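Trainee: Predicted model follows, preceded by the sequence.
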Amino acid sequence: MDFWKSILELARRKFVGPPLIALGILAALITYFVVPTHYVSSCSMVLTTPATGGTLSSDPQEPPGLTNPLLQFNEGLRTTAGILVLSMNTPQMLERIGIADGDPTRVTINDGRTSPELLGINLNGPFLYVEVDSDSPATASAVTERAVRLIRAELDARQQALKAPPSTYIAMTEVVPPTVPEARRTGKWGAAAGVLLAMVAAGLGLAYFLDRLRGDRREKRSERDSWAVEPQLWDKGAAAEHADEVQSTTPSAR
C-alpha cells in the first residue's frame, strides 16, 4: 500500500505528474504517425459442382440430368477446399503469390474461420477465404487478385492431374469479390497507447526511485547529526558534574 500511496503522491506533484503525461502524449502521437497504416483486402469463394453432376454418363445418347449446383454441397467439396487451403499455405505457393520471407505483407488463406461473415454461416462449408494485410493498398489489392488466380489454377491443375472429365470439374465461385483495401488503424492505436503507458510507468518508477534515494540520504544525514550532538551533550553534563564534585570536596575558606 505504501508503494501505491507514494506513486499517487508523486503523480500529484506538479513537477512530476503533468510533465510525464505531456511527454507520454507527445511520444504516443509520434508513434501513431510513425507506425504505418495497414490495408486489408479480402475475397470469399465457394466450391460448387457442375450442373450435370460429378459423373459422366457412359452412354452419349442418355446425358445426365441437370441439377442446381447450389443444392449439391457435399463432403467431397469440403475435402477439396481443405486440400486447396493446405496447398496454398506452403512457402512455395506464397512465393508464387509474391510473399517472401520478412515481407510485411501477410496472406491468410483458410476455410473462412477467420471471417465473421463466413463463420456465422457454416464453418465446415466448402468455402475459401483470402485476406491480405499490407502497408500499401495497391499491394494488398494486387496480392489478393494473384492469390485468387493461383487458387483457381491449382484447382484446375489437380483435377487435370487426376484425369477427371472436364464436364465434371468443380467450379470456384466468388461469393464476395476482392474488396477495395480498407484502412485498419488498430495497430497504430495500440502502439500509441502502449508507448503512453510505458512512458508514464517508467517516469513514475524513476521518480519513485529518486525520491526514495533522497529519503535514504536524509535519514542517514539525520542519524549522523544526532550522533554528533549526543557526545557534546554528554561532555557538557560530565563537566558540570565534575565541577560540582570539585566544589564539594574543596574546604571552604575561612
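Mentor: Looks like it arrived, so ask away.
Trainee: I figured residue 21 was touching residue 204, is that so?
Mentor: No - Residue 21 is beyond contact range of residue 204, at 10.3 Å (criterion: Cβ atoms under 8 Å). In short, each C-beta sits where N, CA and C put it, glycine included.
Trainee: Name the residue in the two with the higher neighbour count.
Mentor: residue 204 (18 against 15; other Cβ atoms under 10 Å).
Trainee: The more buried one is in what secondary structure piece?
Mentor: helix 186-249 (DSSP states H and E).
Trainee: Residue 27: which element?
Mentor: helix 17-34.
Trainee: for that helix, packing partners?
Mentor: helix 2-12, helix 186-249 (3 or more Cβ pairs under 8 Å, 6 or more residues apart in numbering; DSSP states H and E).
Trainee: now that helix and helix 2-12, what's the angle there?
Mentor: 80 degrees (axes from the mean of the first three to the mean of the last three Cα atoms, to 10 degrees).
Trainee: and the helix or strand following helix 17-34, which residues are buried?
Mentor: Next along the chain after helix 17-34, taking DSSP H and E as the criterion, comes strand 38-48. If you call a residue buried by 16 or more other Cβ atoms under 10 Å, then strand 38-48 has these buried ones: 38-48.
Trainee: what do you get for stretch 170-184?
Mentor: 170, 172, 178-179, 181.
Trainee: one step back: want to try TSV for the buried residues of strand 38-48, with pLDDT as columns?
Mentor: Shown next, in TSV, are these (pLDDT from 0 to 100):
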residue	pLDDT
38	90
39	94
40	95
41	95
42	94
43	94
44	93
45	94
46	93
47	93
48	91
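Trainee: Wait, residue 110 touches residue 119, no?
Mentor: No - judged on Cβ under 8 Å, residue 110 makes no contact with residue 119 at a distance of 10.5 Å.
Trainee: Of the two, which one has the most company?
Mentor: residue 110 (18 against 14).
Trainee: Relative to residue 129, how far out is the more buried one?
Mentor: Applying Cβ to Cβ, to the nearest Å, the value for residue 110 to residue 129 is 6 Å.
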